[in-house]
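A.B. asks: using only what follows, build the 3D model:
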Amino acid sequence: MLAVLIGAIALGIAYFCWTMFQALRAKPARPLPEAIVVGAVTNFFDALGIGSFAPTAAWLRFRRHVPDRLIPATMLIGHTPPTFVQALIFLVLLGVGVDPVLLTGCAAALTVGTRFGVDLATRAPVRAVQAVVAGALILAAMFYALANLEMMPVGGTASALPPALTAIAIAGSFVFGVLVCFGVGHYAPMLVMLSLMGMDPRLCFPIMAGGGAVAAAGACVRYIKTTDVDLRIPLGLALGGIPAVLVAALVVKSLPIEPLRWLVIVVVLYAAASLLWSALRGDGKAEAPAHGAAGG
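C.D. replies: Purely as a prediction, here's the structure:
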């Protein structure tokens with residue numbers, strides 16, 4: 001089963017790269033230097049325990065590089081290549097210790113969830129996207145605070161779950177897959193869910209990263225084909241993020257990140273408040289439909 005999942009990720013990488021190549025051939029773009037820096041920083045600390053979605057969403061909101069309706073798609077496309085790298089590292093190092101049914105079941109559910117999520121996100125009103133991204137930022141800030149206060153579930157030592165809990169975990173993965181397409185990172189909520197069920201937190205990472213890689217590949221291809229994302233930004237996030245993940249996961253491995261988490265909390269809460277205010281005022285009404293000229 002582990003080999004099947006790694007093979008699926010390899011196919012996802014090939015499919016993603018081919019789609020990106022075709023998109024860049026049709027509309028050439030160079031990576032935005034600022035995005036390279038952001039990709040390196042966010043993915044470096046993502047591999048060490050701080051998520052990449054929330055700080056990236058805050059940066060996109062503050063810098064106004066993309067319309068709010070395209071924040072989720074831009075982040076997902078840009079952070080998927082580093083996620084591929086994370087997934088392969090975690091699966092090779094820890095994947096053999098995870099129940100294969102749980103591992104592949106959650107990966108499949110995440111993938112199906114993103115399939116539905118892309119359709120919902122590309123057709124949602126701008127105000128709805130703003131509100132969901134704001135909610136995701138608030139949720140991320142809450143998880144960061146709980147982690148710093150050592151109030152996150154500590155988990156257990158299990159490498160597998162009873163059938164009933166396995167079914168619940170798979171169902172939860174489907175929901176997380178839908179929410180990923182709105183910019184809601186799935187690592188923190190999935191880690192909490194599996195830890196509460198008694199899983200060894202270390203063994204949650206192959207599930208989260210492996211499933212996320214397979215699911216994101218298909219979602220990104222849909223986003224590239226059906227939205228007008230400015231590919232300069234995802235290219236920058238990816239180019240900066242891939243080497244940063246390798247350095248963080250294989251060289252640095254751990255750092256005291258609690259002070260940085262508090263700073264991230266302040267930044268993402270401010271971005272969340274800004275997005276909520278725009279949603280309430282209806283600032284996004286004049287934006288083009290989220291599925292762009294390419295169709296839905």
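
A.B. asks: how close does Ile89 get to Arg232?
C.D. replies: As judged by C-beta to C-beta, to the nearest Å, Ile89 and Arg232 stand 27 Å apart. For glycine as for every other residue, the C-beta is placed from the backbone atoms N, C-alpha and C.

A.B. asks: more neighbours: those two, which one.
C.D. replies: Ile89 (20 against 17; other C-beta atoms under 10 Å).

A.B. asks: who's in contact with that one?
C.D. replies: Ala209, Val245, Ala249, Leu250 (C-beta atoms under 8 Å, 6 or more residues apart in numbering).

A.B. asks: for the last one, which three-state class applies?
C.D. replies: I take that to be Leu250. helix (DSSP: H, G, I helix; E, B strand; the rest coil).

A.B. asks: so it versus Gln86, what's the distance?
C.D. replies: 11 Å.

A.B. asks: now do the first one
C.D. replies: From Ala209 over to Gln86 the distance is 5 Å, taken as C-beta to C-beta.

A.B. asks: next: the second one.
C.D. replies: If you measure Val245 against Gln86 using C-beta to C-beta, the figure is 6 Å.

A.B. asks: same question for Val175.
C.D. replies: 22 Å.

A.B. asks: looking at those two, which is more packed in?
C.D. replies: Between Val175 and Gln86, Gln86 has the larger neighbour count (other C-beta under 10 Å), namely 29 against 18.

A.B. asks: the more buried one reaches Gly51, doesn't it?
C.D. replies: No. Counting by C-beta atoms under 8 Å, Gln86 stays clear of Gly51, with 11.8 Å between them.

A.B. asks: give me the number of residues near the residue nearest to Asp200 when sequence neighbours are not counted?
C.D. replies: Of all residues not flanking Asp200 in the chain, Thr157 sits nearest, at 5.2 Å (C-beta to C-beta, 6 or more residues apart in numbering). As a burial measure, Thr157 scores 10 neighbours (other C-beta under 10 Å).

A.B. asks: and Thr157, backbone torsions?
C.D. replies: phi -130, psi 10 (degrees, to the nearest 10).

A.B. asks: roughly how far does it sit from Met20?
C.D. replies: Using C-beta to C-beta, Thr157 is found at 41 Å from Met20.

A.B. asks: cool, Leu2 as well?
C.D. replies: 27 Å.

A.B. asks: higher neighbour count, these two?
C.D. replies: Remark: of Leu2 and Met20, Met20 carries more neighbours, 20 against 17, as counted by other C-beta under 10 Å.

A.B. asks: check which helix or strand covers that one.
C.D. replies: Taking DSSP states H and E as the definition, Met20 sits inside helix 2-26.

A.B. asks: following that helix, which helix or strand comes up?
C.D. replies: helix 33-47.

A.B. asks: tell me what that following helix is packed against?
C.D. replies: helix 53-63, helix 71-94, helix 232-247 (3 or more C-beta pairs under 8 Å, 6 or more residues apart in numbering; DSSP states H and E).

A.B. asks: among those, which is nearest Phe205?
C.D. replies: Nearest to Phe205, of all the helices and strands packed on helix 33-47, is helix 71-94, at 4.7 Å by C-beta to C-beta.

A.B. asks: report the buried residues of stretch 96-114.
C.D. replies: For stretch 96-114, burial by neighbour count (16 or more other C-beta atoms under 10 Å) applies to 98-99, 102-114.

A.B. asks: for those residues, work out which two are farthest apart.
C.D. replies: Most distant of the buried residues of stretch 96-114, by C-beta to C-beta, are Asp99 and Thr114, 22.5 Å apart.

A.B. asks: and for the nearest residue to Val247 once chain neighbours are set aside, the neighbour number?
C.D. replies: What sits nearest to Val247 in space, not counting adjacent residues and going by C-beta to C-beta, 6+ apart, is Phe44, at 6.7 Å. Here the number of neighbours of Phe44 (other C-beta under 10 Å) works out to 23.

A.B. asks: ok, Lys225 next?
C.D. replies: Residues near Lys225, counting by other C-beta under 10 Å: 12.

A.B. asks: assess the claim that it and Thr19 are in contact.
C.D. replies: Yes. Using C-beta under 8 Å, Lys225 makes contact with Thr19 at a distance of 6.9 Å.

A.B. asks: could you list the low-confidence segments of the stretch 151-296 of the chain?
C.D. replies: 283-296 (pLDDT under 70).

A.B. asks: quick one: the helices in it?
C.D. replies: 163-180, 187-196, 201-226, 232-247, 258-281 (DSSP state H, counting those that start in this stretch).
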